[in-house]
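just a sequence and a predicted model for now, questions to come.
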Amino acid sequence: MAFVRFVLPDLHEDSSLNEGLFRLAYALRDDPAVSDADRELLIDITAWFDKHLPAPTRFNRTNSKGHYRRAARGISWFRDTATDCITRMYELKRILGTYGHQIHLVRETRLGYVVYEDAFQVVAEPFSDTSTSAS
């Protein structure tokens, strides 16, 4: 099975890995510079994900005391079978690209240490040789 993730060139503050699209999508949704048509699309797409994509319950491997204070190292990947999610991510990619954001698609088969999974996604702390960016 292959996994995919859509990433920005920016690094996430906790994991130091390329950031995904959702934080930017929510920020643009509320940005007055975004056209009304694109805002409606962003509202629809983010609402769909809020309704249909479970929020991961874990982003790190440890359950030890104080684990909730540790920086999360896990990153989210879509299963290649999550076609509805991936189709909507391509639409997000298109909209974000309209506003000058460069987005890359990363494919991988060896994710790392799995800390959460559901029917649509896997969160894993990457192995040292796991490709996490388009570079």
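Structure's in. What do you need? Numbers count the residues shown, from 1 in each chain.

contacts and neighbour counts: CA atoms only from here.
Fine.

name the nearest residue to the most centrally placed residue in the chain, ignoring sequence neighbours.
Nearest to the mean C-alpha position of the chain, by Cα atoms, centre = their mean, lies residue 20 at 3.9 Å. Nearest residue to residue 20, sequence neighbours excluded (Cα to Cα, 6 or more residues apart in numbering): residue 7, at 4.6 Å.

surely the one you found meets residue 101?
No: taking contacts as Cα atoms under 8 Å, residue 7 lies outside contact range of residue 101: 10.3 Å.

right, and residue 43 touches residue 30 too?
No: using Cα under 8 Å, residue 43 is not in contact with residue 30, being 9.2 Å away.

these two - which one has more neighbours?
residue 43 (16 against 12; other Cα atoms under 10 Å).

compare residue 7 and residue 101 (neighbour count), which wins?
Neighbours were counted for residue 7 and for residue 101 using other Cα under 10 Å; residue 7 has more, 22 against 15.

which residues does that one bridge with?
residue 104 (DSSP bridges).

can you tell me how far it sits from residue 132?
9 Å (Cα to Cα, to the nearest Å).

first to last residue in stretch 19-36, what's the distance?
Using Cα to Cα, the two ends of stretch 19-36 sit 26 Å apart.

show me where this structure has its strands.
Using DSSP state E, the strands of the chain run over 3-7, 75-79, 104-108, 113-117, 121-125.

list residues touching both of residue 7 and residue 132?
18, 106 (Cα atoms under 8 Å, 6 or more residues apart in numbering).

could you check the pLDDT of residue 59?
At residue 59, the model reports a pLDDT of 73.
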